[in-house]
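In: this one's structure only:
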């Protein structure tokens with residue numbers, strides 16, 4: 001059977017042809033590989049370079065490779081945080097004509113890390129709580145979209161910094177199933193698997209001495225369930241309000257937006273006696289602030305980064321002479337937002353030398369600079385300005401930050 005490359009982009013097959021498909025992945029020469037940290041996998045996985053792309057290549061049987069490829073494309077269509085599926089390569093054979101396993105090719109998620117590389121230096125419990133928050137949000141988003149993961153674990157997740165928190169991305173969709181809607185039993189099954197898997201992974205870390213002594217692996221495994229249920233309840237519960245108190249509904253919607261979720265539809269029913277109103281929101285995937293920032297500025301960021309950048313944007317707009325909310329003669333928010341990107345965001349980020357940024361993307365750099373400005377201003381008891389904060393950050397903070405970051409190859 002001849003080599004076949006099924007890809008999402010017409011340019012990818014030509015780039016992928018340069019790779020040594022006639023060799024098993026575990027025997028690929030170093031010249032093709034990119035030295036990035038890898039998580040635990042039941043399959044052989046390697047990072048390689050294809051043109052300007054850094055890709056992850058995973059060997060597995062043809063049927064599951066094609067199935068996972070399609071599932072990852074479905075998750076992308078649903079705007080769920082997961083790695084991008086680029087191609088499936090089948091028809092591989094070695095020099096002797098012996099068949100080799102097909103491979104699934106995905107795009108490396110820049111700035112991300114598997115959990116084991118994060119535990120190379122013992123994480124504080126507060127950081128682990130943030131990881132559990134990120135994983136709980138990811139699982140809720142998957143379930144809202146009708147996706148049963150079937151193998152939720154730290155090993156099947158990549159984590160990326162997001163304005164002081166973390167964003168979690170699904171890596172392995174091999175066991176997943178997409179449905180119009182999940183039953184409570186399907187959700188509970190996924191959640192129980194997550195609890196068992198996470199406790200097992202933390203017990204393994206404990207045995208190797210990489211776990212903080214105050215962390216109980218079993219309790220942390222149970223914590224993912226508690227965090228998930230709390231978030232799911234807030235997103236899906238039915239609320240009953242006094243008639244006429246419609247601002248309560250607005251307050252509930254704002255609270256959902258603050259969690260990063262949008263309300264696509266809402267069902268409002270008046271009681272027969274007219275005393276109460278029942279409100280049932282239909283919550284869709286997270287990304288409220290992401291979409292708002294993207295619409296205003298064209299910047300594509302993580303959710304917490306977007307929230308922070310929007311706050312800074314709104315503060316900056318309030319200082320502009322042509323900012324007049326509600327006045328048709330004032331500048332439109334989109335115009336002011338693009339001016340902020342051009343005059344504030346980009347010059348500030350570019351002031352930090354590219355070679356010193358490590359794995360941080362521009363939005364994370366800007367967040368770090370805002371945090372540093374706030375800290376220095378609190379210490380000085382007055383606003384020290386962004387330029388001064390950038391200078392101090394480069395000299396006093398960035399060298400320490402770089403020691404904790406793994407640089408990516410893209």
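Out: Yes, it's here. From a predicted model like this one, the values you see are computed outputs, not experimental measurements. Numbering: from 1, shown residues only.

In: how close does residue 136 sit to residue 71?
Out: Residue 136 sits 21 Å away from residue 71, taking C-beta to C-beta, to the nearest Å as the criterion. Just so you know, the C-beta spots here come from the backbone N, C-alpha and C atoms, and that holds for glycine as well.

In: revised request: answer the last question for residue 253.
Out: Distance, residue 253 to residue 71, using C-beta to C-beta: 31 Å.

In: quick one, which of the two is more surrounded?
Out: A direct count of neighbours by other C-beta atoms under 10 Å for residue 253 and residue 71 places residue 71 higher, at 20 against 17.

In: so the residue lying closest to that one once chain neighbours are set aside, which of the three states?
Out: Closest residue in space to residue 71, ignoring its immediate chain neighbours: residue 173 at 4.3 Å, by C-beta to C-beta, 6 or more residues apart in numbering. Under DSSP: H, G, I helix; E, B strand; the rest coil, residue 173 falls in the coil class.

In: I'd say residue 173 and residue 80 touch.
Out: No: Residue 173 is beyond contact range of residue 80, at 9.8 Å (criterion: C-beta atoms under 8 Å).

In: of those two, who's got more company?
Out: Comparing residue 173 with residue 80 by other C-beta under 10 Å, the one with more neighbours is residue 173, at 30 against 21.

In: show me what contacts that one?
Out: 68, 71-72, 75, 82, 149 (C-beta atoms under 8 Å, 6 or more residues apart in numbering).

In: what about it, distance to residue 54?
Out: 20 Å.

In: in stretch 15-27, which residues are buried?
Out: 15-16, 19, 21, 25 (16 or more other C-beta atoms under 10 Å).

In: where's the dip in pLDDT among these?
Out: Least confident of the buried residues of stretch 15-27 in the model: residue 15, at 72.

In: next SSE after the helix or strand hosting it?
Out: Here residue 15 sits within helix 12-16, counting by DSSP states H and E. Where DSSP H and E defines the elements, the next helix or strand beyond helix 12-16 is strand 45-50.

In: what about residue 149, distance to residue 182?
Out: 10 Å.

In: what does residue 256 give?
Out: 20 Å.

In: what do you get for residue 19?
Out: According to C-beta to C-beta, residue 19 and residue 182 sit 38 Å apart.

In: neighbour-wise, which of residue 149 and residue 182 wins?
Out: Using other C-beta under 10 Å, the more surrounded residue of residue 149 and residue 182 is residue 149, with 23 against 20.

In: what segments of this protein are strands?
Out: For the chain, the strands defined by DSSP state E cover 4-7, 45-50, 53-59, 85-90, 103-107, 112-114, 147-148, 157-162, 165-170, 177-178, 239-242, 261-270, 276-286.

In: any chance of those strands in TSV, with distance to residue 377, mean pLDDT and mean neighbour count too?
Out: Below are those laid out as TSV (distance: least, C-beta to C-beta, whole Å; pLDDT from 0 to 100; neighbours: other C-beta atoms under 10 Å):
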stretch	distance to residue 377	mean pLDDT	mean neighbour count
strand 4-7	50	84	16
strand 45-50	41	89	20
strand 53-59	38	90	22
strand 85-90	45	91	22
strand 103-107	39	93	24
strand 112-114	31	83	22
strand 147-148	44	96	22
strand 157-162	23	84	23
strand 165-170	22	85	22
strand 177-178	48	94	15
strand 239-242	40	76	13
strand 261-270	32	64	14
strand 276-286	31	63	18
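
In: what's the closest of the ones you listed to residue 386?
Out: strand 157-162 (20.6 Å; C-beta to C-beta).

In: which among the contacts of residue 173 gets closest to residue 167?
Out: residue 82 (11.5 Å).

In: my read is that the closest one contacts residue 168, right?
Out: No: using C-beta under 8 Å, residue 82 makes no contact with residue 168, being 10.0 Å away.

In: now do the shared contacts for these two.
Out: Common neighbours of residue 82 and residue 168, using C-beta under 8 Å, 6+ apart, do not exist here.

In: list the contacts of stretch 298-317.
Out: The contact list for stretch 298-317 (C-beta under 8 Å, 6+ apart) reads 160, 162-165, 167, 260, 286-290, 292-294, 296-297, 323, 333, 336-338, 340-341, 344-345, 361, 363-364, 366-367, 370.

In: which of those residues are buried?
Out: For the contacts of stretch 298-317, buried by 16+ other C-beta under 10 Å: 160, 162-163, 165, 167, 260, 286-290, 292-293, 296-297, 336-337, 340-341, 345, 361, 363-364, 366-367, 370.

In: related to what we said a few turns ago, could you dump the contacts of residue 173 into TSV with pLDDT and distance to residue 155 added?
Out: Listed next are those as TSV, based on pLDDT from 0 to 100; distance: C-beta to C-beta, whole Å:
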residue	pLDDT	distance to residue 155
68	94	16
71	94	18
72	94	17
75	91	18
82	92	15
149	95	12
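
In: possible to save the residues you listed as TSV with distance to residue 50?
Out: Listed next are the contacts of residue 173 as TSV, based on distance: C-beta to C-beta, whole Å:
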residue	distance to residue 50
68	19
71	22
72	17
75	22
82	20
149	28
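
In: what segments of the stretch 101-250 of the chain are helices?
Out: 115-118, 125-144, 184-208, 217-236, 246-258 (DSSP state H, counting those that start in this stretch).

In: adding mean pLDDT, write the ones you listed out as JSON lines.
Out: Below are the helices of the stretch 101-250 of the chain laid out as JSON lines (pLDDT from 0 to 100):
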{"stretch": "helix 115-118", "mean pLDDT": "80"}
{"stretch": "helix 125-144", "mean pLDDT": "86"}
{"stretch": "helix 184-208", "mean pLDDT": "92"}
{"stretch": "helix 217-236", "mean pLDDT": "87"}
{"stretch": "helix 246-258", "mean pLDDT": "72"}
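
In: as JSON lines, the ones you listed with distance to residue 50 would be great.
Out: Output for those, formatted as JSON lines (distance: least, C-beta to C-beta, whole Å):
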{"stretch": "helix 115-118", "distance to residue 50": "23"}
{"stretch": "helix 125-144", "distance to residue 50": "27"}
{"stretch": "helix 184-208", "distance to residue 50": "31"}
{"stretch": "helix 217-236", "distance to residue 50": "35"}
{"stretch": "helix 246-258", "distance to residue 50": "39"}
